[in-house]
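> Please work out how this folds:
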Amino acid sequence: MTATITELREIASRVTDPEIPVLTIADLGILRDVELAGDTVVVTITPTYSGCPAMDAITEDLGTVFRESGYRDVKVNLVLSPAWSTDWMTESGKSKLQAYGIAPPTGTGHRGPVTLGLAVKCPQCHSLNTKELSRFGSTACKSMYQCKDCLEPFDYFKVLS
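Residues are numbered from 1 along each chain as shown. Alright, predicted model coming up:
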């Protein structure tokens, strides 16, 4: 089979994050590259953090979508450098997080100490009157917050760089 990189990328982009199923791996920014090497599709992904348990499921799902599209040989490379950053998330992905009830990361990745705490907007009522309940949420990528106005708890997708 012959395919363009755009077509291969579209196939890979059908794979969703098993932890946040409203996001594709392209939305999340972990899909780095797709190429055809002979008859083998080679997909390069970067985990959101080095111990991310979703990588095995994503690797399996990539194999499945490519085989369903007629490609028998699929190789998935995990690349840790450069490290993934929330800056790689698409604006569409951030909007999908908001609609799903998870506050998307705000700002850009940074290096060094943070001297200013910024409010996190509630994805339900959009209030900035929120508080962090736990630095660690349901996954290492998220923190748990609560809105002081509507009282709803919600996840916040942490800014990582």
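
> so where does the nearest residue to Ser134 once chain neighbours are set aside fall, helix or strand?
Excluding its sequence neighbours, the residue lying closest to Ser134 (Cβ to Cβ, 6 or more residues apart in numbering) is Met144, at 4.3 Å. The way it works is simple: take the backbone N, C-alpha and C, and place the C-beta from them, glycine included. Per DSSP states H and E: Met144 is located in strand 142-147.

> send the alpha carbons of the helix or strand following that strand over as PDB?
Using DSSP H and E, the helix or strand that follows strand 142-147 in sequence is strand 153-157. Provided in PDB are the C-alpha atoms of strand 153-157 (Å, rounded to 0.1, in the frame of the first residue of the first chain):
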ATOM      1  CA  PRO A 153     -15.100  18.900  42.300                       C
ATOM      2  CA  PHE A 154     -13.200  18.700  39.100                       C
ATOM      3  CA  ASP A 155      -9.800  17.600  37.600                       C
ATOM      4  CA  TYR A 156      -7.300  20.200  36.400                       C
ATOM      5  CA  PHE A 157      -4.900  19.000  33.700                       C
END
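
> Quick check: which helices or strands does the strand holding Met144 pack against?
Counting contacts by 3 or more Cβ pairs under 8 Å, 6 or more residues apart in numbering; DSSP states H and E, strand 142-147 is packed against strand 130-134, strand 153-157.

> Looking at those, spot the one closest to Asp87.
strand 153-157 (12.4 Å; Cβ to Cβ).

> List of residues touching that closest one?
Outside of strand 153-157, the residues within contact range by Cβ atoms under 8 Å, 6 or more residues apart in numbering are 86, 97, 101-105, 120, 122-124, 132-133, 137-138, 141-147.

> Domains in the chain, by residue range?
What automatic domain parsing lists as the domains of the chain is 5-78, 86-157.

> I'd like those as a markdown table, with mean neighbour count and mean pLDDT appended.
Formatted as a markdown table, the domains of the chain follow (neighbours: other Cβ atoms under 10 Å; pLDDT from 0 to 100):
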| stretch | mean neighbour count | mean pLDDT |
| --- | --- | --- |
| domain 5-78 | 17 | 94 |
| domain 86-157 | 15 | 84 |
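
> ranges for the strands of this structure?
Remark: strands assigned in the chain by DSSP state E are 31-37, 40-45, 73-78, 102-103, 130-134, 142-147, 153-157.

> Tabulate those strands in CSV, adding columns for distance to Val15.
Formatted as CSV, the strands of the chain follow (distance: least, Cβ to Cβ, whole Å):
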stretch, distance to Val15
strand 31-37, 8
strand 40-45, 9
strand 73-78, 10
strand 102-103, 19
strand 130-134, 29
strand 142-147, 20
strand 153-157, 19
